[in-house]
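>>> predicted structure and sequence below. I'll ask about it afterward.
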Amino acid sequence: MAKAEEKTNVMRLLDQKKVKYTGHHYEAPNGAVDGVSVAAAVGKDVSQVFKTLVTRGASKKNYVFVVPVAMELDLKAAAKAAGEKSIEMIRQAELLPLTGYVHGGCSPLGMKKQFPTFIDASAQEQETMMVSAGKIGAQVELKPDDLANLARARFAPIAK
């Protein structure tokens, strides 16, 4: 059962920064699974499990948005939060070279480069929240403020 003990780079980063978290592992035999399925697999409410989305603004700058798995990113609200004229999702093929993460395993922590990051304001209503631990099959559960501090993120109403 070594898989449950496997530390990801995100977990090592949290350990290094002395941030309290709980690691959760789940089976993903066919690769990436949708966030609602991840929530069920780890026994958490969907309002507590968040996905990480990488976007590009009209200025060509990249942004990271963290929203509940059962919701969508409101592109207009995201653009407003980022101070951009418009925001669009990056192409899936750009994700790995840009962030170092694959689709379904993208974490707001430990990307190749730190991008401006926004977490949906609903996270502040949660005692803890879950985000990807940087690979498919692994999640980390931590306090929203701890994630915001480490990712240098701001909370904003960006989900619909």
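Okay, I see it.
>>> what mean pLDDT does stretch 132-140 have?
The average of the pLDDT scores along stretch 132-140 is 95.
>>> let me fix that: stretch 30-43
Average pLDDT, stretch 30-43: 84.
>>> again with stretch 79-93
Across stretch 79-93, the per-residue pLDDT values average to 97.
>>> now what about stretch 75-83, what contacts it?
The list of residues contacting stretch 75-83 from outside it, by CB atoms under 8 Å, 6 or more residues apart in numbering, reads 55, 57-58, 61, 63, 65, 85-88, 116, 118, 154, 156-160. Backbone N, C-alpha and C define where each C-beta goes, glycine included.
>>> kindly report the same for stretch 17-37.
Contacts to stretch 17-37, defined as CB under 8 Å, 6+ apart, come from residues 3-4, 6-8, 11, 14, 38, 41-42, 44, 46, 49-51, 69-70, 102-105, 128, 130, 133, 136-143, 146, 150.
>>> before we move on, back to that, could you pick out the buried ones from the contacts of stretch 75-83?
By neighbour count, with 16 or more other CB atoms under 10 Å, the contacts of stretch 75-83 hold T55, G57, Y63, F65, I87, P116, F118, A156, I158, A159 as buried.
>>> so who does the closest residue to the second one other than its chain neighbours touch?
Distances taken as CB to CB, 6 or more residues apart in numbering put E84 closest to G57, at 3.5 Å, once the chain neighbours are dropped. Under the criterion of CB under 8 Å, 6+ apart, the contact list for E84 reads G57, A58, S59, K61, Y63.
>>> give me the element the residue nearest in space to the middle of the chain is part of.
Nearest to the mean C-alpha position of the chain, by CA atoms, centre = their mean, lies T52 at 3.1 Å. Mapping T52 onto the secondary structure by DSSP states H and E places it in strand 50-57.
>>> partners of the helix or strand that that strand is followed by, with directions?
Sequence order places strand 62-68 as the next helix or strand after strand 50-57, per DSSP H and E. Sheet pairing for strand 62-68, assigned by DSSP bridges, gives strand 50-57 (antiparallel), strand 117-120 (parallel).
>>> after strand 62-68 comes which helix or strand?
For strand 62-68, the following helix or strand on the C-terminal side (DSSP H and E) is helix 75-82.
>>> quick one: buried residues of that next one?
By 16+ other CB under 10 Å, the buried positions in helix 75-82 come out as L75, A77, A78, A79, A81, A82.
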